[in-house]
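Enquirer: pasting the structure only:
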């Protein structure tokens with residue numbers, strides 16, 4: 001894998017991202033959770049305690065980050081979102097009510113996208129330039145919709161380990177993709193509830209995976225995209241885990257901590273190299289009407 005020529009001679013771009021879902025995570029998963037204050041309180045913790053603890057850590061470490069925020073959270077946890085923005089961290093788009101997209105109901109996808117944009121513009125004062133689909137679920141329309149709305153990047157796909165550029169069907173350049181993976185998402189190790197139970201992992205277990213992923217990305221000279229949630233990594237012991245990870249990363253030379261928008265912009269101006277043709281699924285294709293049909 002070729003070394004990406006990041007700015008100022010950096011060997012690797014480290015992208016700390018937080019999906020600040022608050023209560024929207026639970027409302028989007030199951031609307032009946034509106035009557036379950038115990039379940040919703042997990043999301044409340046993210047806004048009440050998690051984000052302030054994370055912002056304090058990022059400030060102490062002098063590290064920038066990107067927070068992907070659903071529009072509902074922007075509207076209902078406005079002061080917290082404003083605090084994130086004042087700290088010069090990026091606010092990215094994360095749907096409106098954190099709904100997973102149903103490919104058979106694309107009107108909902110468009111509504112979630114538009115409502116989220118308007119919420120962020122109203123509160124933050126500028127339109128978001130980056131998007132991450134809730135739960136990583138989207139339709140084949142997403143890249144076209146983002147490109148049409150002047151987004152710079154997407155962080156939804158899991159098909160690579162370094163950034164690349166989407167190409168629309170007509171050959172038009174699309175948004176930059178900042179790929180991720182479930183193993184780099186704290187929810188797989190820390191998220192649990194009565195209805196969605198899973199064992200909770202120790203810090204040592206999570207750190208062993210994240211450190212090894214970083215080691216390999218650093219060796220190849222690439223990209224490290226970490227996904228965290230304030231209601232999870234915002235717990236006291238997990239803040240300690242994140243502090244230890246940052247310290248470990250800083251033991252390495254030429255590391256660039258950057259917001260997602262900075263990574264995408266740098267790739268456009270510094271690391272924009274021809275890549276292989278995009279791999280198209282052998283099972284699906286995009287029709288002229290924007291719907292998915294089988295081959």
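Expert: Nice, thanks for sending it over. What you are looking at is a predicted structure, and each value in this text was computed from that prediction instead of being measured. Numbering: from 1, shown residues only.

Enquirer: Who is residue 93 paired with across the strands?
Expert: In this entry, residue 93 is beta-bridged to residue 69, residue 131, by DSSP bridges.

Enquirer: show me the contacts for it.
Expert: Neighbouring residues of residue 93 by C-beta atoms under 8 Å, 6 or more residues apart in numbering: 68, 69, 71, 113, 116, 117, 120, 128, 130, 131, 132, 151. Just so you know, the C-beta spots here come from the backbone N, C-alpha and C atoms, and that holds for glycine as well.

Enquirer: same deal with residue 206?
Expert: Applying C-beta under 8 Å, 6+ apart, we find residue 206 in contact with 186, 189, 190, 241.

Enquirer: could you redo the last one with a cut-off of 6 Å?
Expert: Residue 206 makes contact with residue 189, according to C-beta atoms under 6 Å, 6 or more residues apart in numbering.

Enquirer: Local confidence estimate at it?
Expert: Predicted confidence (pLDDT) for residue 206: 98.

Enquirer: roughly how far is stretch 187-200 from the heart of the chain?
Expert: 19 Å (C-alpha atoms, centre = their mean, to the nearest Å).

Enquirer: Tell me the spacing between residue 232 and residue 117.
Expert: Per C-beta to C-beta, to the nearest Å, residue 232 is found 26 Å from residue 117.

Enquirer: Pick out whichever of those two has more residues nearby.
Expert: The residue with more neighbours, out of residue 232 and residue 117, is residue 232; 23 against 18, by other C-beta atoms under 10 Å.

Enquirer: So for the closest residue to the more buried one other than its chain neighbours, what's the pLDDT?
Expert: Spatially, and ignoring its direct neighbours in sequence, residue 232 is nearest to residue 190 (4.1 Å; C-beta to C-beta, 6 or more residues apart in numbering). What the model reports for residue 190 is a pLDDT of 96.

Enquirer: And for the one 10 residues further on?
Expert: Here, the pLDDT recorded for residue 200 equals 95.

Enquirer: show me what contacts it?
Expert: 190, 192.

Enquirer: before we move on, the earlier item: just confirm the residue nearest to residue 232 contacts residue 233, I think it does.
Expert: No: between residue 190 and residue 233 there is no contact under C-beta atoms under 6 Å: 7.2 Å.

Enquirer: So which of those two has more stuff around it?
Expert: residue 233 (26 against 20).

Enquirer: Backbone dihedrals for the closest residue to that one other than its chain neighbours, both of them.
Expert: The spatial neighbour of residue 233 that comes closest, neighbours along the chain excluded (C-beta to C-beta, 6+ apart), is residue 186 at 5.1 Å. Backbone torsions of residue 186, given as degrees, to the nearest 10, read phi -60, psi -20.

Enquirer: Surely residue 67 is in a helix?
Expert: No: if the criterion is DSSP: H, G, I helix; E, B strand; the rest coil, then residue 67 is strand and not within a helix.

Enquirer: Surely it and residue 84 touch.
Expert: Yes: counting by C-beta under 6 Å, residue 67 does reach residue 84; the two are 5.2 Å apart.

Enquirer: For those two, indicate the residue with more neighbours.
Expert: residue 67 (27 against 24).

Enquirer: what's near enough to touch the residue nearest to residue 233?
Expert: By C-beta under 6 Å, 6+ apart, residue 186 lies in contact with 228, 229, 232, 233.

Enquirer: Low-confidence bits of the protein, can you list those?
Expert: Within the chain, the stretches with pLDDT under 70 are 1-3, 271-295.
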